[in-house]
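1. Take this sequence and fold it.
(chains A and B)
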Amino acid sequence: MDIGEGLMMMGKFIGAGLAMGIGAIGPGIGEGRVGASAMEAMARQPEMIGTLTTRMILADAIAETTGIYSLVIAFMILLVV
Amino acid sequence: MNLNLTKSDKIFLGVIFGGYVAVLIYMVVTGYRFQLEGVGQRWIYQLPFGEGPLSRVNPLTIIMTWVVMGLIIFMATRVKVFKIIPGKKQSLLESLLDYVYDLVKDSVSRKEYIRPIFDIAASLFLFVIVSNIIGSFPGINAFPAENGGVTFTILADTWYAPTSDLNMNLMLAFFVFVMSHVYAIRVKGLKNWGKSFFEPIWWMFPINIIGEIAKPISHALRLFGNIMGGAILALILGYLVKYFVLPAALWGIFGLFFGAIQALIFTILAIAYISSLIE
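-> Predicted coordinates for the structure are as follows:
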């Protein structure tokens, strides 16, 4: 392995790590807020727990979309190119 | 929760769980060697005529699309006669479609468009959920080999889900995009539809156009990322533990749980995109 190839591998690994790490910040904050609000609502109205859990999972799945994008980008950097 | 399982139900569930265990035993006994070579790559067939992107096809996507359509048609023919006291298959279908119908009824304000939008949404929902669930059962998959050929993996990976191909998802999202604008033209008339791009002020036109184009792209990428990312993640994590117990659980989570949620979200967003334009 010459130096150019080594530098390319280094760039790939650093890039994939940064893509996944920075990309996970937004979904983390978003899902945390969704979960906190859902817990608050459940504590206030325990008889609505079933409905609230379904809606919470749906909102989580939408909030984690950008995290999933960065996962795909990280896989593409590591495996495809 | 009170479950009343008949004998045939228990046999059916037993076959599924027994299948997972049998696949695990098969992998351990045969000493399956996993390589990270072909992960994320697709079997692409070059047609004998023409050049460029339109002359290449992805054979596995086409085959599995027809398999999914065949499964749905088979399901539909099995519950031909709708009875007042529903059987098992009929009540499964009815509860699924009832849920989608309630979603459409809640978000579409014009009465005469509820039925056609329900038809679109239910077709999308059934197709996406069946193809996602297919991706949770161990089966046959294909990867391009080093020398230009194709290697088939049997039972070491799940069945190929057609929704893990971006072309498929873009086609579905583009269909929703076209249908939403067709409905918008029919409801508002051509003049008012064109005028809606210049709201609130005329120089917002490029931003409105970009906003419309971004809809189908994010719609498609959301489903693609979840299914494809889940499949690759299950492969890589399965490689770490040498296929010990973990892959079956991961396939179950990514295929059944996330697959069902993503199918529901795809449907809800399609309904929202269509109904937001015919207000």
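2. Residue B:83 and residue B:248: what is the separation?
-> 37 Å (CB to CB, to the nearest Å). For glycine as for every other residue, the C-beta is placed from the backbone atoms N, C-alpha and C.
3. For the helix or strand harbouring residue B:114, what does the pLDDT average out to?
-> Secondary structure from DSSP states H and E places residue B:114 in helix B:114-134. For helix B:114-134, the mean per-residue pLDDT is 91.
4. Next: stretch B:92-106.
-> Stretch B:92-106 comes out with an average pLDDT of 87.
5. Not counting its own residues, what contacts whichever helix or strand residue A:17 is part of?
-> For residue A:17, the host element (DSSP H and E) is helix A:3-23. With CB atoms under 8 Å, 6 or more residues apart in numbering or on different chains as the test, helix A:3-23 has contacts from A:1, A:66, A:67, A:69, A:70, A:71, A:73, A:74, A:75, A:77, A:78, A:81.
6. Which PyMOL command selects the buried ones in the residues you listed?
-> With 16 or more other CB atoms under 10 Å in any protein chain shown as the criterion, this PyMOL line picks the buried residues out of the contacts of helix A:3-23:
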select buried, chain A and resi 66+67+69+70+71+73+74+75+77+78
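7. Tell me the one among the contacts of helix A:3-23 nearest to chain B.
-> Closest to chain B out of the contacts of helix A:3-23 is residue A:71 (4.6 Å), distances taken as CB to the nearest CB.
8. burial measure for the residue nearest to residue B:199 when sequence neighbours are not counted, as a count.
-> Leaving aside its sequence neighbours, residue B:199 sits nearest to residue B:208 (CB to CB, 6 or more residues apart in numbering or on different chains; 7.6 Å). Counted by other CB atoms under 10 Å in any protein chain shown, the residues lying close to residue B:208 total 14.
9. that older thread, between residue B:83 and residue B:248, tell me which one has more neighbours.
-> For residue B:83 and residue B:248, the more surrounded residue by other CB under 10 Å is residue B:248, and the numbers stand at 21 against 8.
10. Name the residues of the strand or helix carrying that one that are buried.
-> Following DSSP H and E, one finds residue B:248 within helix B:246-252. Buried positions in helix B:246-252, judged by neighbour count with 16+ other CB under 10 Å: B:247, B:248, B:250, B:251.
11. want to throw the residues you listed into a markdown table with distance to chain A and pLDDT?
-> As requested, the buried residues of helix B:246-252 are exported to a markdown table (distance: CB to the nearest CB, whole Å; pLDDT from 0 to 100):
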| residue | distance to chain A | pLDDT |
| --- | --- | --- |
| B:247 | 18 | 72 |
| B:248 | 22 | 72 |
| B:250 | 14 | 79 |
| B:251 | 17 | 80 |
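12. for the residue in chain A that chain B sits nearest to, what are its contacts?
-> Residue nearest to chain B within chain A: residue A:68 (3.9 Å; CB to the nearest CB). By CB under 8 Å, 6+ apart, the contact list for residue A:68 reads B:222, B:225, B:226, B:229.
13. Over to the first one: give its phi and psi.
-> The phi/psi pair for residue B:222 (degrees, to the nearest 10) reads phi -60, psi -50.
14. Convert the C-alpha atoms of stretch A:12-26 to PDB, please.
-> What follows is stretch A:12-26, C-alpha atoms only, in PDB (Å, rounded to 0.1, in the frame of the first residue of the first chain):
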ATOM      1  CA  LYS A  12     -12.800   7.300   4.000                       C
ATOM      2  CA  PHE A  13     -12.800   6.200   7.600                       C
ATOM      3  CA  ILE A  14     -12.700   9.700   9.000                       C
ATOM      4  CA  GLY A  15     -15.400  10.800   6.700                       C
ATOM      5  CA  ALA A  16     -17.700   7.900   7.500                       C
ATOM      6  CA  GLY A  17     -17.200   8.400  11.200                       C
ATOM      7  CA  LEU A  18     -17.900  12.100  11.000                       C
ATOM      8  CA  ALA A  19     -21.000  11.600   8.800                       C
ATOM      9  CA  MET A  20     -22.500   9.100  11.200                       C
ATOM     10  CA  GLY A  21     -21.500  11.000  14.400                       C
ATOM     11  CA  ILE A  22     -22.600  14.500  13.400                       C
ATOM     12  CA  GLY A  23     -25.700  13.100  11.600                       C
ATOM     13  CA  ALA A  24     -26.800  11.400  14.800                       C
ATOM     14  CA  ILE A  25     -27.000  14.700  16.800                       C
ATOM     15  CA  GLY A  26     -30.200  16.000  15.200                       C
END
